[in-house]
Every structure is written in C-alpha cells, then in structure tokens.
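Peer 1: next one to model:
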Amino acid sequence: MDTKKLGAIIDQISKVKIAVVGDFCLDAYWFIDESKSEISVETGNATQPIKQQKYSLGGAGNVTNNLTAMGVGDVRVFGVIGDDPFASAMVGLMQKAGITTNNLLIQNDNWS
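Peer 2: Next comes the predicted model:
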C-alpha cells in the first residue's frame, strides 16, 4: 500500500462504524508496596500490601479502546457482562473512551 492510499484511509476513519462482538473483560493491576509488608500470623509469610490498583479494558474491550484511539467515529459493543462492580468499572471506561455500550446485555446469573 502506498503512502497516498494510506493517508486517504486515515482521513476517512472518523466516518467508519464498527461493531465488536466478543469477550469483554476488565484487567486489574495491583501495585504492591513491600515497605509496608509484615509477617502474617496465620501463614508465617510476608504480606503483600497493595498501595494502588488500576483497571483497564481487556479482551474485546481492548480492541474497542484501540479502535477509538485510532479515531474510528462510531464503535459499538455487543456482549454479555455480569452485574457487579467490575462490570460497572468496565462500562465506565468504555463510555469515557467514547464507545457505545447500549448493546451490552447485563445478566445477573449464569453469564460466564
């Protein structure tokens, strides 16, 4: 592909509409502060105190996030998620990125 054709595609990317069907999940990162560690009375092992936690979109959510970062104008998600705080955090991250989440089915039981 030549540079001119690639430039034309990139110029039109904001007009593109993409639907993503998949396994949407939330990646959780825990940052440990070993300076606050102590020996557990129950196990005799050092504890691993968490000083910070961070969440980001994983699985198909990562794909949608990348599409919006590329400038795709309309990204919509289709999938099933649970009704829990992690799902709420994931939907919040999607909405903040400009991803349309209306088509996510929230299911209380038997969703995994």
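Peer 1: now the helix or strand hosting residue 67 - C-alpha only, CSV.
Peer 2: Residue 67 is located in helix 60-70, with elements delineated by DSSP states H and E. Extracted in CSV, the C-alpha atoms of helix 60-70 (Å, rounded to 0.1, in the frame of the first residue of the first chain):
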residue,chain,number,x,y,z
ALA,A,60,-12.6,-7.4,23.2
GLY,A,61,-12.7,-4.2,25.3
ASN,A,62,-9.1,-3.6,24.5
VAL,A,63,-9.9,-3.9,20.8
THR,A,64,-12.7,-1.3,21.1
ASN,A,65,-10.4,1.0,23.0
ASN,A,66,-7.7,0.7,20.3
LEU,A,67,-10.3,1.5,17.6
THR,A,68,-11.4,4.7,19.3
ALA,A,69,-7.8,5.7,19.9
MET,A,70,-7.2,5.3,16.1
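Peer 1: which residues sit against the helix or strand just after it?
Peer 2: Per DSSP H and E, helix 60-70 leads on to strand 74-81 as the next helix or strand towards the C-terminus. Here strand 74-81 makes contact (C-beta atoms under 8 Å, 6 or more residues apart in numbering) with 16-24, 60-61, 64, 67-68, 87, 90-91, 94, 98-107, 111. (Glycine included, C-beta is placed from N, CA and C.)
Peer 1: name the residues of strand 74-81 that come out as buried.
Peer 2: 75-79, 81 (16 or more other C-beta atoms under 10 Å).
Peer 1: over to stretch 60-77?
Peer 2: Residues of stretch 60-77 classed as buried: 60-61, 63-65, 67-68, 72, 75-77 (neighbour count, 16+ other C-beta under 10 Å).
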